[in-house]
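Engineer: output the structure for:
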Amino acid sequence: MTAFLFPGQGAQYPAMGKDFYEAFRSARDVFDEADDLLSFKLTQVIFEGPEAVLTQTRQAQIAIFVTSSAVLAVLRESLPDLIPDACAGLSLGEYTALFASGRLGFAETLKLVKLRGELMNKACEETAGTMSAVLGLGASEVEKIVLPLNPPHQVWVANFNCPGQTVISGSKEGVLAAADALKTGGAKRVLPLQVHGAFHSGLMQSAQDGLSPAVLRAEILESSIPFVMNVPGAFVEGVDRVKENLIRQVTRSVRWEQSILAMKERGISRFLEIGCGKTLSGLNKKIGVPSLSLDKVSDLEEIAKEFDRCSRC
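Structural biologist: Residues are numbered from 1 along each chain as shown. Here you go, the predicted structure:
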């Protein structure tokens, strides 16, 4: 059994997906459709930069979604018999998983991602925030230390990535106070992350409020492909619950480790990361489920061999 996984913000890099664009008409069609729908040359931003523009939240989110969708189109063309037994994505990647599982069309998903990026970008600029990775301390210990700090401090646990790596998010003062408490509590290191703002924290409440009506209006469909979502870290069924968790995800913790373990318990043994970078594969290795990544055209051959081998097992 196979799961398709999709990366979130932070995985972007200049010229991502360009080799797919140049080699496959199916990828070009996705990039070109995005340019038409957005009424500006997103492909130029992705392929030529400047990097400072690509990494802006309002640009990065649509760029990652479009690139992942283009790579997915090539995978479907190259290996048409490879149908996922589940789809999931990290934060923004959850929207790509929504599209990949057939729950929402490309244009509709792009519209939601664009709005999400704009609202989160605005929230970052309105309220200065930051994030830090906590290393060498169990997730439950991190929660026990951080939760009592709010209030008075604005700090939350944002990501449960993998064993020994949890991310905190909030105001600069709140994250600093939490870092001191975590080090005292046994954390080996608390590393500041180069991010635009305090994602998956209460400081994103305005973005969540702005996104909610659009998600509720979206014509999300049922699908036969199971969907694993960030907030519960579990399989989610029913359109209403999918919408609820898409909305809550803006301010709630991403439970990636729990999501992967839920899929593993359901019998999924192969994980394929589709899109830019290899961040998810790195996290999954620490969780104990090695994954393949489709980031470059050159990765296609290895993936084809692996799934051909598995089909004959």
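
Engineer: hey, let's count contacts and neighbours off CA atoms from now on
Structural biologist: Will do.

Engineer: show me how the record splits this protein into domains.
Structural biologist: 2-125+202-311, 128-192 (automatic domain parsing).

Engineer: make JSON lines out of the ones you listed and add mean neighbour count and mean pLDDT.
Structural biologist: Formatted as JSON lines, these follow (neighbours: other C-alpha atoms under 10 Å; pLDDT from 0 to 100):
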{"stretch": "domain 2-125+202-311", "mean neighbour count": "19", "mean pLDDT": "95"}
{"stretch": "domain 128-192", "mean neighbour count": "20", "mean pLDDT": "95"}
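
Engineer: which stretches of the stretch 51-200 of the chain form helices?
Structural biologist: With DSSP state H, counting those that start in this stretch, the ranges of helices along the stretch 51-200 of the chain come out as 51-54, 57-78, 93-100, 106-126, 139-146, 172-184.

Engineer: among those helices, which is nearest residue 272?
Structural biologist: Nearest of those to residue 272, taken as C-alpha to C-alpha: helix 57-78 at 10.8 Å.

Engineer: could I have that closest one exported to CSV, CA atoms only?
Structural biologist: The C-alpha atoms that make up helix 57-78 are tabulated as CSV, following Å, rounded to 0.1, in the frame of the first residue of the first chain:
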residue,chain,number,x,y,z
THR,A,57,4.5,33.5,2.1
ARG,A,58,2.0,34.8,-0.5
GLN,A,59,4.2,33.5,-3.3
ALA,A,60,5.8,30.4,-1.8
GLN,A,61,2.5,28.7,-1.0
ILE,A,62,1.0,29.0,-4.5
ALA,A,63,4.5,28.1,-6.0
ILE,A,64,4.8,24.9,-4.0
PHE,A,65,1.2,23.9,-4.7
VAL,A,66,1.6,24.4,-8.4
THR,A,67,5.0,22.7,-8.6
SER,A,68,3.8,19.7,-6.6
SER,A,69,0.7,19.5,-8.9
ALA,A,70,2.9,19.6,-12.0
VAL,A,71,5.2,16.8,-10.7
LEU,A,72,2.1,14.8,-9.8
ALA,A,73,0.8,15.1,-13.3
VAL,A,74,4.1,13.7,-14.6
LEU,A,75,3.9,10.8,-12.1
ARG,A,76,0.3,10.0,-13.3
GLU,A,77,1.4,10.1,-16.9
SER,A,78,4.5,7.9,-16.3
